[in-house]
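> The following comprises the amino acid sequence and a computationally predicted model.
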Amino acid sequence: MQFDDLVTQQFRLKDSQARALSKLGIKTIEDLLYHFPARYAGEADTVIAKVVSQGTRKGWRRRVPMAEMQLLDTLGRKIKAIWFSQAYMAKMFNEGTFVRLSGKSKEYKGLLSFINPKIERATGELGTGPLFAHTPAPSTQNLVPVYPESRGVSSLWLTYALQKILSSNILEKAEDPIPTSILKKYSLPSLSASFIYIHRPKREGDAKAARKRFSFQEIFFIQLARQKAKKEYGQAGSYKIDGKRAAQEFTDRMSFVPTRAQKKALGAIVTDLAKPNPMMRLLEGDVGSGKTFVAAAAAYAVIQAGLQVAYMAPTEILAKQHFDSFIGMFSHMPDVEIGLLTGSGCRKYPSKIGVIGHPAVGEASTNISRSLMLKHIVAGQMNIVIGTHAHIADSVKWARLALVVIDEQHRFGVGQRATFVHKETKFPFGNLVSKYQPHLLSMTATPIPRTLALTIYGDLDLTLLDESPPGRKPIITKIVPPGERLAIYEHIRREVKSGRQAYVICPRINEPDPKKETALETKDVKTETERLGKEIFPELMVGMIHGKMKASEKDEVMAEFLAGEIHVLVATSVVEVGVNVPNATMIVIEGAERFGLAQLHQLRGRVLRSSHQAYCYLFTTAKAGQASKEGGDIPKRLSIIEKARSGFELAEQDLKLRGPGALGGNKQWGISDVGMEALQNLKMVEAARSEAKLILDSDPDLSGHPLLGSTIESLAPPHFE
């Protein structure tokens, strides 16, 4: 057996099992070894037994429907299992079927009893050895692993498969990529020992030691990849831009005074632009902190030097808004050409017709063909190009591209971001006429804990915008139970009569399947738009927007909302990022428990765009003690956003409450659950970062560490991952 053997080579699989393993991301034996247990069950709580009889009845006092099953374990002992409010469980398995019960058990009236246990079929090939037999007394020895499952592959099958792998001689061939000196320094077990400790632990401490090792390993690899990419990118030549005077000139023209945080961020960027090597900086700012102004000032400094700027936005709606915003900020420079490049079309400013500042005569911008836009870009005539992933098409070639701004960069798909990378140089924007690489400014409003920022953005210099513009009132956020809905609707009506507007956010676009358990609790955009328009706000104009609408339709709806023609806009989270309607001061989020806290914070930021008092109402049907899929008690989790004033504060509290495995976005960041565990340990992250730097300082190309080099080679360039 080899690490790179396909699972299908070593195990006979049904089609359903193969599909399930693929869904879990398991193709090879190595993938199986890295599929770690979610938890462990002691032998006192796990038993294999044969179904003797089953039936249903109602509780004596509360008449709750319940399923009841009588079983015999492999030693002939009688077992009873009961499921409250789950009568269907009585029909799950026929008499004579061997099943595995997992859960809390106790002796009751001479029988071993399980209440609401987990149950699954036990296949005969697994046997009924001591690993699965019930023992009367709880024991910490020989913990039974419980694995993440998928329909078609149970935890029991995964246990069997992994025990077979560990019983082979495969671990004798395991090469440990982490240097021995690092393992000793941090008291980490070897790779082969860690696989045994995590899949076949004899003590709880063994499992913890293994998880610690794999947590460190994952963060260490990520840090190594990012630091290596930073060194490689930093060696490239870039445009030296003396932009201090230009940035100040741009700032002086603004009608507002920038915050200290904005000035500090702009100063750091200007300093980076003056260096002969490309800038790699992340600007992390809370919703409404003024990141766009900082990016625009940097862009002004670049175009004043006769160079080009590319500005990437995650959606066409946001790209169009930035285009209009940049026109306003650069209207005093009619010689500057600003382009909008998206999949649905292109526009340019200034228009050949019309007079700037006099819309009655003509528009400031006009539609142009894609071919003409590309000619302007390659000729260097287009100074600033704002767009979506259409920027990265092979047909887009740049004459003097000196600055790339990526807004909400984590929102771009991995495939889209990978396209940025030149096949040979591994640098962004390979279609460059000049030999210089552009400076890179990434921006995000997503609240990220410090440990996560240090990990996923390990190759970028971090700048925080931790101040809001003066005059902004703190948003009032409130959790609203079903009985208080009408009062909130009346508040919306009063706000609209006073000239304001409102959003209503729903988790779904279409009406859910009524057969599903939570269907009646899940609001959808189409049904809610009709209900609000007819029953709640018949005197108001209620509009609708969602991600499946055509770009032209979304643009039309947003234009009507911006003009005040739509009073209440019902939407999905398509409005989450960047949409700017200053007159909208209220947002209602239906099914708030279905959104992550970071996403809720982004959504409420839509109404934090003016000096008017803003309100965010979280509609929920969740009860105290009810757990979310993300982890944690729902009302308690939502109370965090009710009290937290900043995204940074919210992110740290969310991490403490829910734990790393439930932090909204672990899949989004490309970090596994065991890797996320390291994020609660700042010392571990800093240790991984420090060790990665030490190795690269003495061995920049990792020629002396070939196993480390091959391990991180497949990782995409980190600043686009």
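Yep, that arrived. What you see is a predicted model; the values in this text were computed from it and never measured. Numbering: from 1, shown residues only.

> buried ones in the longest strand along the chain?
Secondary structure of the chain read by DSSP state E shows that its longest strand is strand 46-58. The neighbour-count criterion (16 or more other C-beta atoms under 10 Å) identifies Thr46, Val47, Ile48, Ala49, Lys50, Val51, Gln54 as the buried residues of strand 46-58. For glycine as for every other residue, the C-beta is placed from the backbone atoms N, C-alpha and C.

> Longest helix of the chain, counting residues only.
Taking DSSP state H as the criterion, the chain has its longest helix at helix 204-234.

> Among the buried residues of strand 46-58, find the lowest-pLDDT one for me.
Sorting the buried residues of strand 46-58 by confidence puts Thr46 at the bottom, with a pLDDT of 72.

> The helix or strand of the chain with the lowest mean pLDDT: what's the following helix or strand?
Within the chain, no helix or strand scores below helix 414-419, which has a mean of 38 by mean pLDDT, DSSP states H and E. Towards the C-terminus, the helix or strand next in line after helix 414-419, according to DSSP states H and E, is strand 439-444.

> And the average pLDDT for that following strand is what?
Strand 439-444 carries an average pLDDT of 88.

> hmm, who's touching it?
Taking C-beta atoms under 8 Å, 6 or more residues apart in numbering as the criterion, the residues outside strand 439-444 that touch it are 238-239, 241, 269, 272-273, 278-285, 291, 295, 298, 302, 402-410, 428, 457, 460, 719.

> Each with direction, which strands does the longest strand of the chain pair with?
Looking at strand 46-58 with DSSP bridges, its paired strands and their directions are strand 65-73 (antiparallel), strand 98-102 (antiparallel).

> hey, where'd the strands end up in the stretch 451-600 of the chain?
Secondary structure of the stretch 451-600 of the chain (DSSP state E, counting those that start in this stretch): strands located at 461-465, 476-480, 501-505, 542-545, 568-571, 584-589.

> To Leu13, which of the strands paired with strand 46-58 lies closest?
Between Leu13 and these, the tightest spacing by C-beta to C-beta is seen for strand 98-102, at 19.8 Å.

> any idea how far that closest one is from the chain center?
Average the C-alpha atoms of strand 98-102, do the same for its chain, and the two points are 36 Å apart (C-alpha atoms, centre = their mean, to the nearest Å).

> what's the average pLDDT for that strand?
The predicted model gives strand 98-102 an average pLDDT of 83.

> For that strand, list the C-alpha coordinates in CSV.
These are the backbone C-alpha positions of strand 98-102, laid out as CSV (Å, rounded to 0.1, in the frame of the first residue of the first chain):
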residue,chain,number,x,y,z
PHE,A,98,-26.7,-5.7,13.2
VAL,A,99,-26.4,-2.0,14.0
ARG,A,100,-24.0,0.3,15.9
LEU,A,101,-25.4,2.4,18.6
SER,A,102,-23.5,5.5,19.8
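
> ok, residues contacting that strand?
Contacts with strand 98-102, where a contact means C-beta under 8 Å, 6+ apart, come from 41, 45-51, 71, 79, 81, 93, 114, 117-124, 128, 132, 144, 146, 156.

> go again using 7 Å as the cut-off
Strand 98-102 has contacts (C-beta atoms under 7 Å, 6 or more residues apart in numbering) with 41, 45-51, 81, 93, 114, 117-122, 132, 146, 156.

> Now do whatever helix or strand comes next after that strand: which elements does it pack against?
Per DSSP H and E, the first helix or strand lying C-terminal to strand 98-102 is strand 105-108. Applying 3 or more C-beta pairs under 7 Å, 6 or more residues apart in numbering; DSSP states H and E, we find strand 105-108 packed against strand 111-115.

> strands paired with the following helix or strand past the strand it packs on, and their directions?
Where DSSP H and E defines the elements, the next helix or strand beyond strand 111-115 is strand 118-121. The strands beside strand 118-121 in its sheet (DSSP bridges) come out as strand 98-102 (antiparallel).

> can I see the domain layout of this protein?
43-139, 241-274+290-444, 476-644 (automatic domain parsing).

> now the end-to-end length of the second one.
The reference is to domain 241-274+290-444. Length of domain 241-274+290-444, first residue to last, C-alpha to C-alpha, to the nearest Å: 24 Å.

> Same question for stretch 169-188.
From start residue to end residue, stretch 169-188 stretches across 22 Å - C-alpha to C-alpha.

> which residues touch it?
Counting by C-beta under 7 Å, 6+ apart, stretch 169-188 makes contact with 1, 3, 29, 190-192, 195, 212-213, 216-217, 220, 687, 691, 707-708, 711, all of which sit outside it.

> Let me have the domains of the chain in TSV, extended by distance to Val7.
Supplementary listing: those in TSV, determined by distance: least, C-beta to C-beta, whole Å:
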stretch	distance to Val7
domain 43-139	16
domain 241-274+290-444	24
domain 476-644	28
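
> Lowest average pLDDT across those domains?
domain 43-139 (a mean of 73).

> Distance from the chain centre to it, please.
Put simply, domain 43-139 sits 39 Å off its chain's centre (C-alpha atoms, centre = their mean).

> can you check stretch 276-288 too?
Per C-alpha atoms, centre = their mean, the displacement of stretch 276-288 from the mean C-alpha position of its chain is 19 Å.

> Using CSV, write down the CA coordinates of that stretch.
Extracted C-alpha coordinates of stretch 276-288, given in CSV (Å, rounded to 0.1, in the frame of the first residue of the first chain):
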residue,chain,number,x,y,z
PRO,A,276,11.8,49.7,-6.7
ASN,A,277,10.1,46.5,-5.7
PRO,A,278,6.4,45.8,-5.9
MET,A,279,4.1,46.7,-3.0
MET,A,280,2.2,43.8,-1.4
ARG,A,281,-0.2,45.3,1.1
LEU,A,282,-3.6,44.4,2.6
LEU,A,283,-5.9,47.3,3.6
GLU,A,284,-8.3,45.9,6.2
GLY,A,285,-11.0,48.3,7.1
ASP,A,286,-14.4,48.0,8.7
VAL,A,287,-17.6,48.8,6.8
GLY,A,288,-17.8,52.5,6.0
